[in-house]
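[1] Okay, here's the prediction I keep looking at, along with the sequence it came from:
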Amino acid sequence: MFGALVHVESASALPTAPERVVARTYPAVPQRDDDIELQATTKPLSSPVGSRDGEAAVSARATAAGSGGGVSGPPSPTSSIGGGAAAAGEVEAVEALQSLSDPPMNRYRLMSICLMQLLGGLNDAAPGALIPYMETHYNIGYAVVSLIFIGNALGFIMAAPFIDTTWARLGRAKTLALSQVLMTCGYIPMVCTAPFPLVVICFFFIGFGYAVSLAIGNVFCGNLRYGTAMLGAMHGSYGIGGTVGPIIATTIVTVGHTVWSRYYFLTLSLAVINLGFATWAFWGYEREDVVSSLPTTTATTTPAAASPSVVGSSSSAMFAAFKSKAVVLGALFIFAYQGAEVSISGWVISFLMTERPASGVDPSSIGYVMAGFWAGITLGRFLLSPLASRVGVGEKTFVYVLVAGSAVFEALVWWVPNVIGDSVALAVVGLLLGPVYPCAASVFTKSLSRREQVSGLGVISAFGSSGGAVAPFTTGMLAQVAGTFVLHPIAIALFAAMTVCWYGIPAVRKRTE
């Protein structure tokens, strides 16, 4: 009876799939005739990274996939684009960014970075107000006193080859501590009103130490979630120091009737505070960074590949950074940016006093024009930098708009024969220039791999400091021959150079490490 109801066919005569009767195609989804397999992920969401269960699950899936066990992983970007499987040993990962509150210590780390930038602003903006008193004290001229800027720039340049190696061997906490020790050693002889040649050497040590803290601060803030806003807070703190530094220095000398060097008691105290605070805040940072950057997919690699201790373990990493198009163009961009910024802040007062004498401006009060410029930079970094990633155009387009606006208002300072109008236009130039550096640092950080970031940003910072020394010096030499109006064509030419370099910087790629 069962034999009459059931007919067993051989395995060689399997039924064929029926033909499609109604073809259903959708504009957004291409029609596929092959089966679609729901591919299993290689790491369960419930298993935390680094746990034993998660590692066991990853290993089991890797074994099953390698032995043809029927479990397939998600296609990698390499296989999707190139059509082939990922090479053996290649790590497929997604980017996991730390935030300001995760881990909680990042709040204190950002605070310490901001304090170090505040110290940098107090250090860089004060010489403009103290130079006349230094000339009187040492009985020297402008050509000799300008050596302090050369010493500071040489400190930045000499620091570039050592930043990556020092960070790799000591870690961020000890490297930041070393930077503050160098700045402290530079401030002690200045507080004691050392001979001028020793003062130049002190500026070298200060520039060296500040270059180290600046590069590490850019890397830390750029790798946080909402990195552009974090960089804006970091460099905005520099603007605060640049705004109040000249006012404090002038008050100490004129109201307190003390020698110019007493101002550096303030910077020395802040360097000592930063030494302890930064060391405490960044202690153990590398262990947290390793956990947050572990790959989330199957990888056949050694633990050393994920360890930051081997990142840039030799000084040749700095020279290798020059092979990156983003580093070279970024260095030229920051060279032009800081050249324009320092040239404007250093020579616009002389321009107003020589080219606008009919306005009857009191020379003692015209210094507040400089405070307006730095206040604009500060507000721009705090208020406009967070908008770069939220307006929908991205950092690259946002910088084009900022640089173009800066050139327009700089031309107004040049052509409008009114000190009040020039002061307002100059403040707007500072407001538009303020977010440029944070936005650029964010783009550089995203364009470089973790291996290239510290050395690459160190090179970029060194070139920036060189621009801050070369451009003002060139402006001063030309001003002696032709007049102080040369400041404005030089600044506008530097803005044009920034635009050209910015156009050549590669688009931000999606990070895979």
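    Everything's here; your move.
[2] My guess is A126 contacts I247. True?
    No. With contacts defined as C-beta atoms under 8 Å, A126 does not count as touching I247, sitting 9.8 Å away. (Each C-beta comes from the backbone N, C-alpha and C, glycine too.)
[3] So these two - more neighbours on which side?
    More neighbours surround A126 than the other of A126 and I247, with 25 against 17 (other C-beta atoms under 10 Å).
[4] Quick check: which element contains that one?
    helix 106-138 (DSSP states H and E).
[5] Could you list every helix and strand that that helix packs against?
    Using 3 or more C-beta pairs under 8 Å, 6 or more residues apart in numbering; DSSP states H and E as the contact criterion, the secondary-structure elements in contact with helix 106-138 are helix 142-145, helix 147-191, helix 196-222, helix 227-254, helix 264-282, helix 325-355.
[6] so what's Y108 closest to, chain neighbours aside?
    In space, not counting the residues next to it along the chain, Y108 is nearest to A281; the distance is 4.3 Å by C-beta to C-beta, 6 or more residues apart in numbering.
[7] Over to F282?
    On the basis of C-beta to C-beta, 6+ apart, the spatially nearest residue to F282 that is not a chain neighbour turns out to be A173, at 3.9 Å.
[8] Tell me, please, the helix or strand in this structure that averages the lowest pLDDT.
    Taking mean pLDDT, DSSP states H and E as the measure, the helices and strands of the chain show their lowest mean at helix 77-82, namely a mean of 40.
[9] picking up where we left off before, distance check, the residue nearest to F282 against W374.
    Separation of A173 from W374 (C-beta to C-beta, to the nearest Å): 31 Å.
[10] In terms of neighbours, single out the busier of the two.
    Set side by side, A173 and W374 show unequal neighbour counts under other C-beta under 10 Å, the larger going to W374 at 26 against 18.
[11] element containing that one, please.
    Element membership of W374 [criterion: DSSP H and E] is helix 368-379.
[12] which residues are contacting that helix?
    Counting by C-beta atoms under 8 Å, 6 or more residues apart in numbering, the neighbours of helix 368-379 from elsewhere in the structure are 125, 128, 236, 239-240, 242-243, 246-247, 341, 344-345, 348-349, 352, 419, 422-423, 426-434.
[13] swap in stretch 170-183?
    When contacts are defined by C-beta under 8 Å, 6+ apart, stretch 170-183 is touched by residues 112, 116, 119, 123, 163, 166-167, 205-206, 208-210, 212-213, 216, 220, 267, 271-272, 274-275, 278-279, 281-286, 309.
[14] Let me see the contact set for S350.
    Applying C-beta under 8 Å, 6+ apart, one finds that S350 lies in contact with A479, T484.
[15] One more pass at 10 Å, please.
    With contacts defined as C-beta atoms under 10 Å, 6 or more residues apart in numbering, S350 is in contact with T475, G476, A479, G483, T484, L487.
[16] mind checking pLDDT for it?
    Reading off the confidence values, S350 has pLDDT 74.
[17] measure it to V144 for me?
    As for S350, its distance to V144 is 18 Å (criterion: C-beta to C-beta).
[18] Check S261 too.
    When C-beta to C-beta is the yardstick, S261 and V144 sit 17 Å from each other.
[19] For the host helix or strand of A407, which helices and strands make contact with it?
    A407 belongs to helix 394-415 when assigned by DSSP H and E. Applying 3 or more C-beta pairs under 10 Å, 6 or more residues apart in numbering; DSSP states H and E, one finds that helix 394-415 makes contact with helix 227-254, helix 325-355, helix 419-433, helix 436-447, helix 487-504.
[20] could those helices go into TSV alongside distance to P132?
    Formatted as TSV, the helices and strands packed on helix 394-415 follow (distance: least, C-beta to C-beta, whole Å):
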stretch	distance to P132
helix 227-254	9
helix 325-355	12
helix 419-433	21
helix 436-447	29
helix 487-504	19
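[21] just these: most buried one?
    For the helices and strands packed on helix 394-415, the stretch with the most neighbours on average is helix 436-447, a mean of 26; neighbours defined as mean count of other C-beta atoms under 10 Å.
[22] just checking, what packs against that one?
    Judged by 3+ C-beta pairs under 10 Å, 6+ apart, helix 436-447 is in contact with helix 196-222, helix 227-254, helix 325-355, helix 394-415, helix 450-482, helix 487-504.
[23] Between helix 436-447 and the shortest one, find me the angle.
    Same thing as helix 487-504. Using axes from the mean of the first three to the mean of the last three C-alpha atoms, to 10 degrees, the direction of helix 487-504 lies 20 degrees away from that of helix 436-447.
[24] low-confidence ranges in this structure?
    1-96, 142-143, 288-322, 357-367, 389-393, 507-513 (pLDDT under 70).
[25] got the contact list for A233?
    A233 makes contacts with L100, L110, M111, I113, C114, Q117, C221, R381, F382, S385, P386, P438, as judged by C-beta under 10 Å, 6+ apart.
[26] now the residue nearest to F277 when sequence neighbours are not counted: how far from I334?
    Once flanking residues are discounted, F277 sits nearest to S112: 4.9 Å by C-beta to C-beta, 6+ apart. Distance from S112 to I334, counting by C-beta to C-beta: 23 Å.
[27] Could you do S179 as well?
    Plainly put, S179 is 19 Å away from I334 if you go by C-beta to C-beta.
[28] repeat for F220
    Shown here: F220 relative to I334, a distance of 18 Å by C-beta to C-beta.
[29] cool, and S385?
    Computed with C-beta to C-beta, the distance linking S385 and I334 is 16 Å.
[30] circling back: tell me what angle the helix holding A407 forms with helix 436-447.
    For helix 394-415 against helix 436-447, the angle by the same axes, to 10 degrees is 150 degrees.
[31] What residues sit buried inside helix 394-415?
    By 16 or more other C-beta atoms under 10 Å, the buried positions in helix 394-415 come out as 395-396, 398-399, 402-403, 405-407, 409-414.
[32] Was I right to think A407 contacts A425?
    No. The criterion here is C-beta atoms under 10 Å, and A407 misses it with A425 at 11.7 Å.
[33] who touches the residue lying closest to T258 once chain neighbours are set aside in this structure?
    With C-beta to C-beta, 6+ apart as the criterion, T258 has its nearest non-adjacent residue at 6.0 Å, and that residue is I252. Contact criterion C-beta under 10 Å, 6+ apart gives 126, 129-130, 133, 258-266 as the residues in contact with I252.
[34] And the residues you listed, which of them are buried?
    Neighbour-count burial (16+ other C-beta under 10 Å) applied to the contacts of I252 gives A126, A129, L130, Y133, W260, S261, Y263, Y264, L266.
[35] list the contacts for the second one?
    If a contact means C-beta under 10 Å, 6+ apart, then A129 has 245-254, 260, 263, 367, 370 as its contacts.
[36] and what of the last one?
    For L266, the contacting residues are L119, L122, N123, A126, Y187, V191, G245, I248, A249, I252, by C-beta under 10 Å, 6+ apart.
[37] now the last one: how far from Y187?
    Using C-beta to C-beta, one gets 15 Å for the distance from I252 to Y187.
[38] Check the third one too.
    From N123 across to Y187, the span is 9 Å (C-beta to C-beta).
[39] next one: I492
    From I492 across to Y187, the span is 37 Å (C-beta to C-beta).
[40] OK, contacts around E395?
    With C-beta under 10 Å, 6+ apart as the criterion, the residues that contact E395 are 227-228, 385, 388-389, 435-436, 438-443, 446, 508.
[41] give me that answer again for 7 Å
    With C-beta atoms under 7 Å, 6 or more residues apart in numbering as the criterion, the residues that contact E395 are T228, A388, S389, C439, S442, V443.
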